[in-house]
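Colleague: Turn this into a structure:
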Amino acid sequence: MRTSKSSAELCRQLGYVFTQPQLLQRALTHRSFAPDHNERLEFLGDSILGCVIAKYLYSEFPDLSEGDLSRLRSNLVKESTLVIFAQQLNLGSQLKLGEGELKSGGFRRPSILADAVEALFGAVFVDGGFVAAEQAVLNLFVPYLAKVDMKTLGKDAKTLLQEYLQGKRLPLPGYSVLETQGEAHEQLFQVECAIPSLKLITRGSGTSRRNAEQQAALAAYQIIGNNND
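Modeller: Below is the predicted model:
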């Protein structure tokens, strides 16, 4: 049986106390439970979140290009990150879900949890304005960002490996397919990543050549990182 966490504790973690508690309850209400659900607040919160994070990145990282800022924002304002916050806030125990969603484990479903977090931001905005909503977002994101490597966030392994080698003025790696197994519709690729200048060869496998190359590049990047620790 799921246990409920008090609204007061949720507000404490958000850093905001609602003057209209019904907004908080609406933010936690899924469409399967009642007509007065959180989808409109989620729509609003999504925009608030994107704006706040864009403003924060613009202020905190003055040397980053527009492309890098966009990359960081898109990799911060996404479902998996919001699910982390939903778990931190223990939202699953507070969501109001219809019987069907309860039975199917909706209180654990990433999309429902992420939407509820955005709805909370929307509710704070409606109740207290942009400054209050901005602070609620930052109260969750700033501690999280302190643990994230902003230089590598959202970059794939091949890009990270290439940037490292370029920074050391070393030749770029070579990738070659060693083996292809299986039928055309479900092939498995074995790929080799070779960096002669470092006397390093790694291998990766995947359901596409690109995925296999990424796995091989990741293995090489991790070895290089461990050797430099």
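
Colleague: Flag the shaky bits of this structure, pLDDT-wise.
Modeller: Judged against pLDDT under 70, the low-scoring parts of the chain cover residues 1-6, 150, 152, 154, 228-229.

Colleague: where exactly do the strands run in it?
Modeller: Secondary structure of the chain (DSSP state E): strands located at 174-181, 188-195, 200-206.

Colleague: list the helices and strands the first one packs on?
Modeller: Packing partners of strand 174-181 (3 or more Cβ pairs under 8 Å, 6 or more residues apart in numbering; DSSP states H and E): strand 188-195, helix 209-228. All C-beta atoms are positioned from the backbone trio N, CA, C, and that covers glycine.

Colleague: Show me the residue at the heart of the chain, geometrically.
Modeller: Centroid-nearest residue in the chain: Thr81, 3.3 Å away (criterion: Cα atoms, centre = their mean).

Colleague: Spatially nearest residue to that one, not counting backbone neighbours?
Modeller: Tyr144 (7.3 Å; Cβ to Cβ, 6 or more residues apart in numbering).

Colleague: give the contact list for the one you found.
Modeller: Neighbour list for Tyr144: Thr81, Ile84, Phe85 [criterion: Cβ atoms under 8 Å, 6 or more residues apart in numbering].

Colleague: try Val137
Modeller: Val137 makes contacts with Ile48, Leu49, Val52, Ile53, Phe121, as judged by Cβ under 8 Å, 6+ apart.
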